[in-house]
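Asks: Could you look at this predicted model? Sequence included:
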Amino acid sequence: MSDPLIFDDVSPRFGLPFLFAGQAQKEACVNEALALADALLHCAVEGTAAVVPAAPLDGQNWLVGNPAPAAWAGKEGTIACRQGGNWLFVQPRPGLRVLDLSAKQERRFDGTWKIPVAPAEPSGGSTVDTEARAALLSLIGALRTAGIFPGLS
């Protein structure tokens with residue numbers, strides 16, 4: 001006879017809670033999983049919080065700064081998600097990308113949150129190839145539009 005399958009109680013990537021047969025109050029488990037999925041689906045953050053926002057709106061996400069504000073102590077580097085008047089914290093996994101609304105560009109998690117730096121625009125030189133310069137400027141502009149490099153202020 002084979003051994004019975006043993007299931008974890010949370011998903012391996014983001015800790016979304018699983019249901020079990022005969023579980024009481026399934027709605028609490030399902031609602032928590034849906035709240036986390038809602039926060040992570042096409043995730044956008046308002047910015048990095050050095051202090052807990054005074055009047056956050058449900059549905060807003062923040063990257064918890066380092067050092068974390070007192071109310072978020074020990075949550076450095078996580079995503080703080082406002083859901084139902086409460087804070088849910090998501091530990092990011094390598095490869096997670098979020099849109100930082102304050103910087104208007106993407107951030108990527110690879111152990112820490114990374115934000116790309118735009119290369120210097122071409123200038124000067126003894127010989128200027130205007131077509132090459134135009135192509136590079138077009139490429140840099142496209143990368144800014146895609147949120148990979150910071151936009152011009």
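Replies: Structure's in. What do you need?
Asks: Okay, now the unreliable bits of this protein?
Replies: The model of the chain has pLDDT under 70 over residues 1-7, 122, 124-128, 146-147, 151-153.
Asks: And it, split by domain according to the record?
Replies: Listed domain ranges for the chain are 42-114, 116-153 (source: automatic domain parsing).
Asks: looking at those domains, which is closest to D8?
Replies: Among the domains of the chain, the nearest to D8 by CB to CB is domain 42-114 (15.6 Å). Just so you know, the C-beta spots here come from the backbone N, C-alpha and C atoms, and that holds for glycine as well.
Asks: start to end distance for the closest one?
Replies: Domain 42-114 has its terminal residues 18 Å apart, counting by CA to CA, to the nearest Å.
Asks: quick check, R144 in a strand?
Replies: No. Using DSSP: H, G, I helix; E, B strand; the rest coil, the assignment for R144 is helix, not a strand.
Asks: That one and P150 touch, don't they?
Replies: Yes. R144 lies in contact with P150 (CB atoms under 8 Å); the separation is 7.1 Å.
Asks: Show me whatever sits in contact with both of these two.
Replies: Both R144 and P150 are contacted by A118, under the criterion CB atoms under 8 Å, 6 or more residues apart in numbering.
Asks: for this protein, what spans make up the helices?
Replies: Along the chain, counting by DSSP state H, helices occupy 26-40, 130-145.
Asks: Give me the neighbour count for the closest residue to V90 other than its chain neighbours.
Replies: With sequence-adjacent residues excluded and distances taken as CB to CB, 6 or more residues apart in numbering, V90 is closest to I79, at 4.4 Å. A count of neighbours around I79, defined by other CB atoms under 10 Å, yields 24.
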